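> have a look at this prediction, sequence included:
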Amino acid sequence: MSFFEMGGYAAYVWPAFGAAAAIMIALLLLSIRAMRAREAALRALEATARRQRATDGDNDRDGEQNAPA
């Protein structure tokens, strides 16, 4: 049982472990949330680019020239 008592410092050690674990879990959850938001933004950008290419492709097939930017 002396392991859990941490040589008399258990009142300081265990809360520190708990705080570190809580912070690491919070960071994991925030990272996953940010990743999902960025993936959604990327999917939206890709869909917009796909629509833009399709629109540009339709204009090219109609014989119109795209003006240089």
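Received the coordinates, thanks.

> show me the shaky parts of the protein.
Applying pLDDT under 70 to the chain picks out residues 58-69.

> distance of residue 45 relative to residue 39?
According to CB to CB, to the nearest Å, residue 45 and residue 39 sit 11 Å apart. For every residue, glycine as well, the C-beta is placed using N, CA and C.

> meant to ask about residue 55, not that
For residue 55 relative to residue 39 (CB to CB), the value is 25 Å.

> likewise for residue 25?
21 Å.

> quick one, helices of the protein?
Remark: helices assigned in the chain by DSSP state H are 2-5, 10-61.

> deepest in the core, which of the ones you listed is it.
Ranked by average neighbour count under the criterion mean count of other CB atoms under 10 Å, the helices of the chain are headed by helix 10-61 at a mean of 10.

> other SSEs contacting it?
Contact analysis of helix 10-61 by 3 or more CB pairs under 8 Å, 6 or more residues apart in numbering; DSSP states H and E lists no helix or strand as a packing neighbour.

> renumber starting at 12 from here on
Yep, numbering from 12; the last one is helix 21-72 now.

> and that helix, how far out from the chain's middle?
Computed by CA atoms, centre = their mean, to the nearest Å, the chain-centroid distance of helix 21-72 equals 2 Å.

> go ahead and flag the most central residue of the protein.
residue 46 (1.1 Å; CA atoms, centre = their mean).

> who's in contact with it?
Residue 46 makes no contacts at all, as judged by CB atoms under 8 Å, 6 or more residues apart in numbering.

> next one: it from residue 31, what distance?
Taken as CB to CB, the span from residue 46 to residue 31 is 22 Å.

> got it, and residue 25?
11 Å.

> quickly note the distance from residue 47 to residue 21.
From residue 47 across to residue 21, the span is 39 Å (CB to CB).

> how far away is residue 55 from residue 65?
With distances taken as CB to CB, residue 55 is found 16 Å from residue 65.

> I should have written residue 50 there, sorry.
Distance, residue 50 to residue 65, using CB to CB: 22 Å.

> now residue 14
65 Å.

> much appreciated, bye for now.
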